[in-house]
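Q: dropping the sequence and predicted coords here.
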2 protein chains.
Amino acid sequence: MEKLAIGIDLGGTAIKGAIIGVGGIAGDVTRVPTDAHKGGQQVLSNILSLIDELIKGSGRDASSFVGVGIGTPGFVGSDGTILGGAENLPGWKGTQIYAPIAERFGLGVSAANDVTAVALAELMFGAGRGVKNIVCFALGTGVGGGIVTDGKLYKGTHGMAGEIGHIVVETDGVQCTCGQKGCVERYASATAIVNMAVDMSQDAKGDDLTPFAAEVRKNPADVTSKMVYEYVAKADPIAMKVHHKACKMLGRAVGIMINVMSPDRIVLGGGGMMAGDIILDTVRSYAARHCWPAIFERCEIVHAQMGEDSGVMGAGALAFEEFG
Amino acid sequence: MEKLAIGIDLGGTAIKGAIIGVGGIAGDVTRVPTDAHKGGQQVLSNILSLIDELIKGSGRDASSFVGVGIGTPGFVGSDGTILGGAENLPGWKGTQIYAPIAERFGLGVSAANDVTAVALAELMFGAGRGVKNIVCFALGTGVGGGIVTDGKLYKGTHGMAGEIGHIVVETDGVQCTCGQKGCVERYASATAIVNMAVDMSQDAKGDDLTPFAAEVRKNPADVTSKMVYEYVAKADPIAMKVHHKACKMLGRAVGIMINVMSPDRIVLGGGGMMAGDIILDTVRSYAARHCWPAIFERCEIVHAQMGEDSGVMGAGALAFEEFG
């Protein structure tokens, strides 16, 4: 019988769940509302109901699954208690998630930060197949990360490892919500790209007022990173300037991670990577100047392969790693 | 019978060897010249002779040892070939070191970068006992490092991980030999501390010309980091300025490693740490501003406990990790 795990991806608005096989998602992805505003116990209760639904829908006994994997915002302690860092889930901090699942379904649970878990999904199912050491950058509203060392997800003792979005890449740079200045997240996240586009467009004058800048100035509130990259494709100078600044800063952080971890692959993913090869190529050219050549030449910089279901895949991968 | 390993610490001028037990060095440390100028094969031959001498001196059979551990400058591939990065050992690059030792003594060999290996020694015998995740900074002529994840030395696929001395901590900072600008090594190594002391003393004028600055200007070629810290103990303003700059920059790199790895402990060692608690305390205060508070509060910043024989201890630890 095929080995199967249950993967749960907890988000601020929806909880996604799926049965995961060793080849990836087996069947459909089910979504239920998170009900974040109702507090931690309601969120946990919704997770339990979703697991129940997935097991019943599979037509198999609970005991036939290797275990449950959960990707969650924030940090998870080694005993399955949420230690914090999940600001969009009030009351989630302090929730113990392993015991109730084990009690109700008799299954072991392995939970980790959602972005971290995606790194494990890339290792098992995607861009990390065939190698043992990878560092994943997830470029979205923020910049998150996950580290795989010697074929295992590296969580750190308290589930807090991988805060690579807060590597400082510019001394006295843009103020970050974390208290530091110049974090890579302030340049390479979708949010940051939009902010830089608005700022640079507003500063543009005379001949420098490109079509992109003019459009941004009309509706600064509607600018998206997708729009930036539509103009990058047309080589608009201001859009290109935004692109280069984002990639230069990301390249510095990538260079640091290459020097520190000497990974086989740096995997760039998340919504921010939808523009594709141009980001990869530009980041690569900047990263090359920010690490040892001997280490750089042994590290590939590649696209993530996990798509919109990366979260449940990562959760399933957690269960396979721990119990599979 | 007590488990014993053979530890070999290869340096630019001497090769040190010792029998290592699970409690540390068993017996004496033997030193022989490296003969670096005679090329890689001679260095290897000297290592083989030293192993032979250690085994004979122990009164035991070769087969009674768990294996041989070797710490070497540069990078070691997983098959035991030196991949490079050992500039002070001409001809060492390309040398295959596992096979000749296995052939002559019938023992397994585990080799790694010497600084990296010291991290493992700290884990087994010193400041890392009782925890599973540590990052070691070795402050000497340069700044090196070693990373232990989940209780194992993390070498990276090509033995190149841990180049934490080349984390850029100051945008457009001091030019480094690695090609980058602003590497932490350019501020926190003994060499850098001396350079900063000379520069700041030469710039000092009028009331700012402190006793330390005056002494430095008399004999700039004789300045040592030890001397800087003699004046730090007297609170000389220029010496303090050098100290704070070194610790601020080191604190930034420590903060990055805390965010990325969330280690249980950051271990600061090497000759540069001889001044003791004042460096530890100052680095701690700067590092606190350069990482997430939740991660920082779960990480201790402590002194290394391995002394001048850290190299052979690390080499022995490599053998225990692999074969013990």
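A: That came in fine, so what should we check first?
Q: run through the residues of the stretch 101-250 of chain A sitting next to chain B.
A: A:131-133, A:145, A:147, A:149-150, A:152, A:154, A:156-164, A:166-171, A:173, A:178-180, A:182 (CB under 8 Å from any CB of the partner chain). In this view, the C-beta of every residue, glycine as well, is placed from N, C-alpha and C.
Q: just the buried residues out of the residues you listed, in ChimeraX syntax.
A: The ChimeraX selection below is limited to those of these classed as buried (16 or more other CB atoms under 10 Å in any protein chain shown):
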select /A:133,145,147,149,154,156,157,158,159,160,161,162,163,164,166,167,168,169,170,173,178,180,182
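Q: what about the residues of the stretch 101-250 of chain A next to chain B, which are in strands?
A: Those of those mapping onto strands are A:145, A:147, A:149, A:152, A:154, per DSSP state E.
Q: the first one against residue A:136, yeah?
A: Yes: look at residue A:145 against residue A:136 with CB atoms under 8 Å: they come within range, at 6.0 Å.
Q: what do these two both touch?
A: A:115, A:119 (CB atoms under 8 Å, 6 or more residues apart in numbering or on different chains).
Q: low-scoring pLDDT stretches of chain A, where are they?
A: For chain A, applying pLDDT under 70 flags no range at all.
Q: where do the strands sit along the stretch 151-300 of chain A?
A: In the stretch 151-300 of chain A, the segments counted as strands under DSSP state E, counting those that start in this stretch are A:152-154, A:265-269, A:300-303.
Q: give me the contacts around the last one.
A: When contacts are defined by CB under 8 Å, 6+ apart, strand A:300-303 is touched by residues A:127, A:254, A:264-269, A:273, A:276, A:280, A:283-284, A:287.
Q: also the first one?
A: With CB under 8 Å, 6+ apart as the contact definition, strand A:152-154 has outside contacts at A:112, A:116-117, A:119-120, A:123, A:146-148, A:161-162, A:317-318, A:321, B:149-150, B:261.
Q: in the stretch 201-324 of chain A, what residue is nearest chain B?
A: Nearest to chain B, among the residues of the stretch 201-324 of chain A, is residue A:262, at 3.2 Å (CB to the nearest CB).
Q: give the contact list for that residue.
A: Neighbours of residue A:262 in contact, by CB under 8 Å, 6+ apart: A:133, A:295, A:298, A:299, B:156, B:157, B:158, B:160, B:161, B:162, B:163.
Q: just the residues you listed now: which is nearest residue A:190?
A: residue A:299 (25.1 Å; CB to CB).
Q: next, the contact list for the closest one, please.
A: Residue A:299 touches A:258, A:262, A:263, A:264, A:265, A:266, counting by CB under 8 Å, 6+ apart.
Q: nearest residue to residue A:246 in space, please, no chain neighbours.
A: Among residues not flanking residue A:246 along the chain, residue A:188 sits closest, at 4.9 Å (CB to CB, 6 or more residues apart in numbering or on different chains).
Q: burial of the one you found, as a residue count?
A: 32 (other CB atoms under 10 Å in any protein chain shown).
Q: contact partners for it?
A: Neighbouring residues of residue A:188 by CB under 8 Å, 6+ apart: A:139, A:143, A:246, A:247, A:249, A:250, A:253, A:272.
Q: go with 6 Å
A: By CB atoms under 6 Å, 6 or more residues apart in numbering or on different chains, the contact set of residue A:188 is A:139, A:143, A:246, A:249, A:250.
Q: just residue A:251 next, same as before
A: Applying CB under 6 Å, 6+ apart to residue A:251 gives the contacts A:283, A:286, A:287.
Q: with residue A:137 instead?
A: Residue A:137 makes contacts with A:145, A:268, as judged by CB under 6 Å, 6+ apart.
Q: the one 3 residues further on now?
A: Remark: with contacts taken as CB under 6 Å, 6+ apart, residue A:140 is in contact with A:270, A:271.
Q: separation between it and chain B?
A: 18 Å (CB to the nearest CB, to the nearest Å).
Q: please apply the same query to residue A:87.
A: On the measure of CB to the nearest CB, residue A:87 and chain B end up 12 Å apart.
Q: what sits against residue A:85?
A: Here residue A:85 is in contact with A:74, A:75 (CB under 6 Å, 6+ apart).
Q: again, only using 10 Å
A: A:72-76, A:92-93, A:113, A:159-160, A:163, B:292, B:294-295 (CB atoms under 10 Å, 6 or more residues apart in numbering or on different chains).
Q: please apply the same query to residue A:128.
A: Applying CB under 10 Å, 6+ apart, the residues near residue A:128 are A:119-122, A:134-136, A:146, A:148, A:151, A:263-265, A:267, A:302, A:304-306.
Q: may I see the ChimeraX selection of the buried members of the residues you listed?
A: Typed into ChimeraX, the line below selects the buried ones among the contacts of residue A:128, using 16+ other CB under 10 Å:
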select /A:119,120,121,122,134,135,136,146,148,263,264,265,267,302,304,306
